[in-house]
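Student: no FASTA, just this:
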Ligand code: HEM
Ligand SMILES: CC(C)=CCC/C(C)=C/CC/C(C)=C/COP(=O)(O)OP(=O)(O)O
């Protein structure tokens, strides 16, 4: 009986560490990095060991960045309905444990990238970590409603990291992939912020719907969705990708614009929630199409 209770306590602590790494968000982050690795090889497949080490390394550093964000924002998280069940506000883990966990996980990831991938990828991943855990979380998020536009630069880095891991350089094509996620982030986040405005206001965070109101935010979502549509045409325009990619990008893009237009004209929290969920399926679909198109043209 006692042993069973101990096992359950250990399992729940392990689970708490896992939750700290924001595994669902980071699944898409790592997915985009892996696609970047495959697209970096003009014809053929990337080296399997490099792909494996880079994937594990980037995932570990991204998990460490998420844990640092949870550590820095524990008081804020305690005030928001969406985040108050996280391990720190619930008291499941101590701040020291979280700091150690982030240090070990991030240190392992960076060492792996340096030793088994290349130093460029390690430095770019470290810069992405600092961009999210320090520049976005500490400096921008509590200060300006443009926090996620500027901070989005670190979220847009994963395909660049993947590209650098396999090719040892950052090419113009990799920067196109960066631009796609950079333009995608505002509609992704502001759709959520629209139906979580009360949460952000309670936490004292200057998110766009809190500082500029719902209507301005809905207009901003629509404008960024249009910009995103234009940006997603660039891989085809530069011949990086072919007709299959173009077809998927246009179909997904029109659907995103439809969501954003309806959100602008006829707002409801349910629609904002659906738009947010669609934004995630959209990015999975778009990056999936880049990969399939790459190998069909090969
Ligand atoms: C500054 C940039 C970003 C901000 C502020 C942001 C914000 C958020 C927030 C607040 C959530 C809800 C998380 C939760 O309830 O636990 C979320 C969910 C999510 N985000 Fe983002 N995001 C950003 C960038 C990204 C990027 C770059 C990706 C992937 C490439 C991404 C993928 C996801 C996914 C997959 C979810 C769904 C998680 C779930 O189902 O629980 N986000 N995002
Ligand atoms: C090293 C590497 C690849 C790092 C990538 C990490 C990264 C840039 C993630 C951005 C996506 C993310 C977790 C946003 C959450 O926003 P938030 O922190 O405002 O959300 P919250 O309110 O749920 O805490």
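Tutor: Perfect, thanks for sending it. For clarity, every value in this text was computed on a predicted model and none was experimentally measured. Residues are numbered from 1 along each chain as shown. Ligands and ions are numbered 1, 2, ... in the order given.

Student: Next, residue 170: secondary structure please.
Tutor: Look at residue 170: counting by DSSP: H, G, I helix; E, B strand; the rest coil, its state is coil.

Student: thinking it is in contact with residue 164, fair?
Tutor: Yes. Assessed by C-beta atoms under 8 Å, residue 170 is found in contact with residue 164 at 5.6 Å. C-beta coordinates here come from the backbone N, C-alpha and C atoms, glycine included.

Student: Those two: which is more packed in?
Tutor: Neighbour tally, residue 170 and residue 164, criterion other C-beta atoms under 10 Å: the higher count belongs to residue 164, 29 against 17.

Student: what helix or strand is that one on?
Tutor: Using DSSP states H and E, residue 164 falls within helix 158-167.

Student: re earlier: what's the overlap in contacts for residue 170 and residue 164?
Tutor: 120, 124 (C-beta atoms under 8 Å, 6 or more residues apart in numbering).

Student: So for residue 157, what pLDDT did the model give?
Tutor: The score at residue 157 is 98. That number is its pLDDT.

Student: So what does it look like in phi/psi?
Tutor: phi -70, psi -30 (degrees, to the nearest 10).

Student: For it, give its distance to residue 48.
Tutor: Relative to residue 48, residue 157 is positioned 23 Å away (C-beta to C-beta, to the nearest Å).

Student: Mind checking which of these two has more residues around it?
Tutor: residue 157 (29 against 8).

Student: Would you check how far apart that one and ligand 2 are?
Tutor: 6 Å (C-beta to the nearest ligand atom, to the nearest Å).

Student: Enumerate the helices of the stretch 51-200 of the chain by residue range, in sequence order.
Tutor: Secondary structure of the stretch 51-200 of the chain (DSSP state H, counting those that start in this stretch): helices at 74-79, 95-112, 119-130, 147-155, 158-167, 172-195, 197-203.

Student: right, so of these, which gets closest to residue 28?
Tutor: The closest of the helices of the stretch 51-200 of the chain to residue 28 is helix 158-167. By C-beta to C-beta, the value is 8.7 Å.

Student: got the contact list for the residue in the stretch 101-250 of the chain positioned nearest to ligand 1?
Tutor: Per C-beta to the nearest ligand atom, residue 155 is where the stretch 101-250 of the chain lies closest to ligand 1, at 2.9 Å. Counting by C-beta under 8 Å, 6+ apart, residue 155 touches 29, 132, 181, 185.

Student: need these in CSV with distance to residue 288, can you?
Tutor: Formatted as CSV, the contacts of residue 155 follow (distance: C-beta to C-beta, whole Å):
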residue, distance to residue 288
29, 15
132, 24
181, 14
185, 19
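
Student: what does the stretch 51-200 of the chain have sitting close to ligand 1?
Tutor: Within the stretch 51-200 of the chain, the positions near ligand 1 by C-beta under 6 Å from any ligand atom are 82, 136, 148, 151-152, 155, 181, 185, 188-189, 192.
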